[in-house]
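K.L.:
give the three-dimensional model of this entry:
(chains A, B and C)
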Amino acid sequence: MAARQLNRAQIFELFSRLAEANPAPRTELDYGNDYQLLVAVVLSAQATDAGVNKATRGLFETVKTPAQMVALGEEGLKRHIRTIGLFNTKAKNVIALSEALIANHDGEVPRDRDVLTSLPGVGRKTANVVMNTAFGEETFAVDTHIFRVANRMGLAPGKTVLAVEKGLEKRVPQPFRRDAHHWLILHGRYICKARRPECWRCPVNDICLYRDKILVDPKLSK
DNA sequence: CTCCCGATAT
DNA sequence: ATATCAGGAG
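P.N.:
You can find the predicted model right below:
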């Protein structure tokens, strides 16, 4: 009873269309250097990119290095990120993470997924984002959107985020591997949404294996 | 598995 | 009112 899966030709066609619609996909988190990217991704857990950007706009004006973050302090940081969910643990983690970068990594963001994962508040998904976006590695950062989209489409079905990541690793072909996770997250955010997927305007709805497609805009029929 | 946790869309 | 948002740690 293996889950239904797309074949190689369908997967290639799927990414060809997503790539055509958005040739140069980019993260929607705002940042000015690798350290700020790392902080922004840690803050983005269970929060919207728009909400994180609103909080980091002021923060990143003065804080561009781990040392500046440590100088700001946990309470100072909280004043900037109070509007983001989970802000207490995030503030604690960002300070501890910044201290670890100074103590063990010369204040630089390490280009190593296992080392990144050892930092406070940095799990596999955050490490994969940094490896891909800061260093150009072909990693697949499986967040809530990609987990949902990969399962719905039959692109990389899996019961855990790690299983989906391994599936993508195995099945996504060149030349799409570098930007695949960006296309999938944007697709999940704006079209293949959790609550009301807008399948009627999805560019790959003829390939997708999702059983509950909504092929007509509900707003057009009332 | 539970907890963390405010803003936003529906 | 409730589900959801670029998850991670205990």
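K.L.:
buried set for the helix or strand where residue A:15 lies?
P.N.:
Element membership for residue A:15, per DSSP states H and E: helix A:8-21. Within helix A:8-21, the residues that qualify as buried by neighbour count (16 or more other C-beta atoms under 10 Å) are A:10, A:11, A:14, A:15, A:18, A:19. Where you see a C-beta, it was placed from the backbone N, CA and C, and this is true even at glycine.
K.L.:
also near DNA strand B: which of the residues you listed, exactly?
P.N.:
Among the buried residues of helix A:8-21, not one lies near DNA strand B by C-beta under 7 Å from any atom of the strand.
K.L.:
kindly reformat these as JSON lines and extend each row with pLDDT.
P.N.:
Compiled in JSON lines, the buried residues of helix A:8-21 are given as follows (pLDDT from 0 to 100):
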{"residue": "A:10", "pLDDT": "98"}
{"residue": "A:11", "pLDDT": "98"}
{"residue": "A:14", "pLDDT": "98"}
{"residue": "A:15", "pLDDT": "98"}
{"residue": "A:18", "pLDDT": "97"}
{"residue": "A:19", "pLDDT": "96"}
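K.L.:
tell me the one of these nearest DNA strand C?
P.N.:
Here the nearest of the buried residues of helix A:8-21 to DNA strand C, counting by C-beta to the nearest atom of the strand, is residue A:18; it sits at 14.6 Å.
K.L.:
that closest one and residue A:203 touch, don't they?
P.N.:
Yes - assessed by C-beta atoms under 8 Å, residue A:18 is found in contact with residue A:203 at 7.1 Å.
K.L.:
quick revisit: for the helix holding residue A:15, packing partners?
P.N.:
Other helices and strands packing on helix A:8-21, by 3 or more C-beta pairs under 8 Å, 6 or more residues apart in numbering; DSSP states H and E, are helix A:180-190.
K.L.:
what about the helix it packs on and DNA strand B, any contact?
P.N.:
No - Helix A:180-190 stays clear of DNA strand B (C-beta under 7 Å from any atom of the strand), getting no nearer than 10.1 Å.
K.L.:
what angle do that helix and helix A:8-21 make?
P.N.:
Helix A:180-190 and helix A:8-21 are oriented at 70 degrees to each other (axes from the mean of the first three to the mean of the last three C-alpha atoms, to 10 degrees).
K.L.:
what's next to helix A:180-190, contact-wise?
P.N.:
Outside helix A:180-190, the residues that touch it by C-beta atoms under 8 Å, 6 or more residues apart in numbering are A:15, A:18-19, A:22, A:25-27, A:128, A:132, A:139-146, A:148-150, A:155, A:168, A:172, A:176, A:194, A:202.
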